[in-house]
Structures are given as C-alpha cells and as structure tokens.
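the following block contains a protein sequence and its predicted model.
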Amino acid sequence: MNKEQLDLLLRESDRFPPPHGMRLSYGTAGFREDASVLLSTMYRVGILAALRALKTEAVIGLMITASHNKVSDNGVKIADPSGGMLTQEWEPFANALANAPSSRDLVRLINEFAEKENILLDGSKSAQILVARDTRPSGEVLLDAAKNGIGSIIGAVAQDMGTLTTPQLHWMVHVRNKGLESSELDYFNGLSNSFKWLLDSNPNNSELNDWDNRLVVDGANGVGGQKLELLKEKLNGLAIEIRNSGKGEGVLNERVGADFVQKEKTVPCSFGSQDVGIRCVSFDGDADRLVYFTVPSGSSNKINLVDGDKILSLFAIFIKEQLTILAARSKDTKIAFEPRLGVVQTAYANGASTRYLKDLGLEVVLTPTGVKYLHEKAAEYDIGIYFEANGHGTVLFSDYCISLLQPVSWELSNVFAGSETHKAALRLLAISKLINQAVGDALSGLLLVEAILRHKNWSIHKWSELYQDLPSRQLKVKVVDRTAVETSNAETKVVKPPGLQEAIDLEIAKYPQGRCFIRPSGTEDVIRVYAEASTQEAADDLATSVAKLVDQFLGDGSSK
Ligand SMILES: CC(=O)N[C@H]1[C@@H](OP(=O)(O)O)O[C@H](CO)[C@@H](O)[C@@H]1O
Ligand SMILES: [Mg+2]
C-alpha cells in the first residue's frame, strides 16, 4: 500500500468508528443490525466491495437493505461479478473488517489481505461498484458511508443507482459484466417483452377469455410495489392492483409482506373480505421474495397460502412439459437435447412438496438455508430451479443449455415453424430471459407465475390443489449464544450441543408424519424451530415441545 493510500484510509476510517461491544457477522444475507449501529459497517463494506472489484477486475454490487426485517433495521450485502452473492471464501475477511477495533487494525487487515490476494493498492487499476438501497429512511446516510468506504480505495468509483429492489441491482451487475445494457429501463423492457412473448405462445389463447386476470399485490410498504407501478405500464393482459405500495400510511414490513404472510398465515393489512377468492401476492421489503395467497370466505383472518414450494412446483411442471415436448421430437431432428433438470430446496420445504416433486420424477436436493447455497447447487444443472418455502427462488439456465436451445429453435423453425415443438423451445428461451439469472426476484417471478397460470388456464385454487401441504409450525427461541448450536445434513441434525438431537428425536417419534429440526438464524439472534406433522395441533405441539428443549439446553427462559 503506498503512502497516499495509507493516509487516506487512516483519515477516512477515523470518521467511522465501530460500535462498542458488538460482534458483527456476514450471515445468511450480509450484515444486518439496528440501523443506528451500522455506519462503520457500511464504510468497511464499501472498502470490501472496492477490494473485490479490484480483485475480480469486474463490476461489483453493494446493496443496502434489511429485506423483511423491521424498518429500524438495515443491512448490507455484496453482489459478486455473476450477480450472485459474495463468494463464501471472502466472508471471514468481511467479518474481520467489520469487527476491526481501530483504524490501525483495519489498515493492517486490508494490507495483509491485499498481499495474500495479490491486489495492488497503488491506484494503478480502476474498479467500479454499483450501489443501491431500498426505501428505508436510514438508507441514504448509510449509503453515503458506503460510498466513503469505496472512495477510500484509490481507483475505486461508486455509481449510485438510487432506490432499487435487491434483484434489480444483482441483475444490473450480472448484465453489466456481460457487456449488455443494464439500465432500469432495460430491466423493465426485458421483463415485459419476454412476458408478452410467453403469453403470445399460448396454445389456447382464444379459449382464455374466461381466465381471471385480476391480481392484487401487497408491496410490503417497500420498494417492490413502487417498481411494479412502473413495470405495470408496460404490461398488457393483467389487471394489477397494488396495495401497501409505501406511498400511504403503512410501515415497511409491519403486518404486511411475504415474510409476515408466509410465517403467520394471516391476512396482511389492507386486505380483507373484499378480496375473497381473488389471486393475491405479497412481496417482501426488498422484493426478492413472493408468495401467493387467497382470502377464504368467513370471519377468520387466516389465508390460504401458496408458498415458494408451490411456485417451484408450478415452474417445474411447466419446464418439464416443455422439455418433454422437445424430447418427443428430438428423433425427427438431428439435435439430441436432453438437459439435466434439477430442483433445489431447503429443510423448510414442506414435506408434501418434496414428495410431490419426486413423484413427478424430478431430481430433488436439499441444501442449508440461504440463497447462496441453493443458487450454487442449482447452477450445477443445465436447468436448476430453486426456491425457499418463504418465496425466494429462481430458475437458472446454464450457458451450455442456452447455447443448445438457440440452434434447436432455429432448426425447428425451418422444419416445424409454429409447431408446439418449436414453441416449446422458444418458451424455454423466453423463460430464461424473463426469470432473473442472478437471484430470486419478486417481479420476474410474478410474471412467470402469471404466464404459466394463463397458459394452463388454471385458477389459483387449481394450482393450490397440486398437493396438500402438511401442517407446519415455525417458532423462534431466544438463547444466550445461538452459535452454540451446530448442525449437519443440510441443517436437519443437531451435532452440538450433545444430547439435543436425541431429545428432539424422542419428541418427533410421538407424532405421525412428524418432522422437526432446529438451526441458528443467520439474520436474527434466535434459534429457529420448524415442525411438521399430520395435524396442525400436532405440528404446534411438536414445535412447542422442541422449543422447550432448546430453552432447557441453551436458553435464558424467554422463548417467543
Ligand atoms: C426460515 C427462513 O425463512 N429463513 C430466512 C432468513 O434466514 P435465517 O438464517 O433463517 O434468519 O432470511 C434469509 C435471508 O432473507 C433467508 O434466506 C432464509 O430463508
Ligand atoms: Mg428479501
């Protein structure tokens, strides 16, 4: 590090002292805390992003959001050159940077790491970082701190993309590094054009006059509703009404949004009896998750949830159908096109969904919780579909798969132009353009769901009846130290503390179709408990008794 760089870092970092007595951790979704303690973290993640951009010689993203968490929280995460999450290999360095007690320690860490990674800190190279934030009031000040961090590495430049959804920023990084157009308008045009194409490729277009095109969207009072307002202008064929768009009285994520709807299975604010039977969808605060639901008739405030597992199932059925159409014709063409299709879930996937997918003949694998794990696994397939039950997911097409699909569609256009086979190839290409290739995206996910439902002429009820969810319950337990719990087998077994898994197994054995696991949350200071059983009462009882066990082994007596 040259003297100019050293002086700059020492001077700037002194302005952002770290909070006392806190241990920050780059968890399931970056750093997340109460916004009031995050200034120094933002500054330091700015440095991290600049180093990553210098190392990879590519555009990097920095997103300020705390997703579904309460409005007083905030957070930050980095998008790698592919548009995916920061490589896990850099997470220990991210932790060390965030927790360095003084400016001198910080500079020492940067120096050592730069040497190890062969990153030149002499200003001889330039680096570009796209920065954005969601609609949280704390975002602006925190973004300034992050820009300061980026500016503390000579040669690194921040480009402020303003207020975006998390997936928009990841998409911009992804396409920018492919040398493609990456403005917000390009994003909206890409989505609306491929959506239109999918609708036009519908075999039953004329019979669909009775398809109910009404859709009511819960924007979680966040950025997603605002962006959908813009996208909506470019969409035909859907009657979208947006509520909780963040323009009115409501508070971000407070009794609204995908996390609330999925975990509480309760009608969100601004929804009610007027919506009975209509297709409704909730985004989370930064619009990287979506779940559908309907409001049943009657006085209860409960909803019928159509969660990430059912979205995954819908995508899987449709893609499999297109592949089957193509395979049937492959003998008539010279092209052998049999891509490997894989489905990736976590232990939170409802057991009924996993069984349903396997019964369809699909290859299903489980990974630990967190998009970085699911994404990595899905990328191993030619077409990999991943979803968390909470509604985060997407469909990944490998470059190899796209490179085959393109000539297949051309060859088919010569011999079978306009045929179902030709359309199947074009539909798969349209899906690969519509669905976000970098991360789960509520906007593109919504359009793909809508296109498929319309294609199949399915109501949300028909979709919901693909299989019956097993009753489930999720609880959180506050413990003294959540890192005391260690797990294995995609988080389904506890390995530490000793004896806890055996005690959980004894509880599970009491319930027909019982399944239960615990794991430390990566975004909250709690242990999460998930239980499934043949009745709701049994799932509730199993979750409660295992929460008690967690409390006995680790707790401070205040489970909630
Ligand atoms: C049970 C659950 O929904 N966990 C969520 C939640 O992580 P935890 O590590 O469980 O706090 O937030 C993550 C980031 O959004 C998401 O990937 C994950 O699925
Ligand atoms: Mg989110």
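Yes, it's here. Everything numeric here is computed off the predicted structure, so don't read it as measured data. Residues are numbered from 1 along each chain as shown. Ligands and ions are numbered 1, 2, ... in the order given.

contacts and neighbour counts: CA atoms only from here.
Noted.

close enough to count as contact, residue 257 and residue 280?
No: counting by CA atoms under 8 Å, residue 257 sits too far from residue 280 to count as a contact (11.4 Å).

what stretches of the stretch 301-450 of the chain score poorly on pLDDT?
329-336, 411-417 (pLDDT under 70).

which parts of it sit against ligand 1?
Counting by CA under 6 Å from any ligand atom, the stretch 301-450 of the chain comes close to ligand 1 at 369-371, 388, 390.

also the stretch 51-200 of the chain?
Residues of the stretch 51-200 of the chain lying near ligand 1 (CA under 6 Å from any ligand atom): none found.

now with 8 Å?
Neighbours of ligand 1 within the stretch 51-200 of the chain, by CA under 8 Å from any ligand atom: 67-68.

just the strands in the stretch 51-200 of the chain please.
Secondary structure of the stretch 51-200 of the chain (DSSP state E, counting those that start in this stretch): strands at 60-64, 73-79, 127-133, 156-163.

among these, which is the most enclosed?
Sort the strands of the stretch 51-200 of the chain by mean neighbour count, taking mean count of other CA atoms under 10 Å, and strand 60-64 sits at the top with a mean of 31.

tell me what angle that strand forms with strand 156-163.
Inter-element angle recorded for strand 60-64 and strand 156-163: 50 degrees (by axes from the mean of the first three to the mean of the last three CA atoms, to 10 degrees).

quick one: average pLDDT of strand 60-64?
The average of the pLDDT scores along strand 60-64 is 98.

over to stretch 539-555?
For stretch 539-555, mean pLDDT is 95.

that one close to ligand 1?
No: counting by CA under 8 Å from any ligand atom, ligand 1 has no neighbours in stretch 539-555; the shortest distance is 13.8 Å.

so for that stretch, what gets flagged as buried?
539-544, 546-551, 553-555 (16 or more other CA atoms under 10 Å).

on that earlier part again, residue 507 is nearest to which of the strands of the stretch 51-200 of the chain?
Closest to residue 507 of the strands of the stretch 51-200 of the chain, according to CA to CA: strand 73-79, at 35.7 Å.

can I get the CA coordinates of the closest one in CSV?
Output of strand 73-79 as CSV, limited to C-alpha atoms (Å, rounded to 0.1, in the frame of the first residue of the first chain):
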residue,chain,number,x,y,z
ASP,A,73,-33.1,-2.3,11.0
ASN,A,74,-30.8,-2.1,8.0
GLY,A,75,-28.1,-4.1,6.3
VAL,A,76,-25.7,-4.5,3.5
LYS,A,77,-24.6,-7.2,1.1
ILE,A,78,-22.4,-7.6,-1.8
ALA,A,79,-23.1,-8.9,-5.3
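
by contact count, what packs against the helix ranked longest in the chain?
Within the chain, and with DSSP state H defining each element, the longest helix by residue count is helix 308-329. Secondary-structure packing of helix 308-329 (3 or more CA pairs under 8 Å, 6 or more residues apart in numbering; DSSP states H and E): strand 290-294, helix 351-359, strand 383-387, helix 420-434, helix 442-456, helix 460-464.

let's have those in a markdown table, adding mean neighbour count and distance to residue 106.
Shown next, in a markdown table, are those (neighbours: other CA atoms under 10 Å; distance: least, CA to CA, whole Å):
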| stretch | mean neighbour count | distance to residue 106 |
| --- | --- | --- |
| strand 290-294 | 28 | 39 |
| helix 351-359 | 17 | 46 |
| strand 383-387 | 28 | 37 |
| helix 420-434 | 22 | 42 |
| helix 442-456 | 22 | 37 |
| helix 460-464 | 16 | 52 |
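
take those and lay them out in a markdown table including distance to ligand 2.
Shown next, in a markdown table, are the helices and strands packed on helix 308-329 (distance: least, CA to the ion, whole Å):
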| stretch | distance to ligand 2 |
| --- | --- |
| strand 290-294 | 9 |
| helix 351-359 | 22 |
| strand 383-387 | 13 |
| helix 420-434 | 19 |
| helix 442-456 | 9 |
| helix 460-464 | 23 |
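
CSV for the ones you listed, including distance to residue 4?
Listed next are the helices and strands packed on helix 308-329 as CSV, based on distance: least, CA to CA, whole Å:
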stretch, distance to residue 4
strand 290-294, 47
helix 351-359, 57
strand 383-387, 46
helix 420-434, 45
helix 442-456, 44
helix 460-464, 61
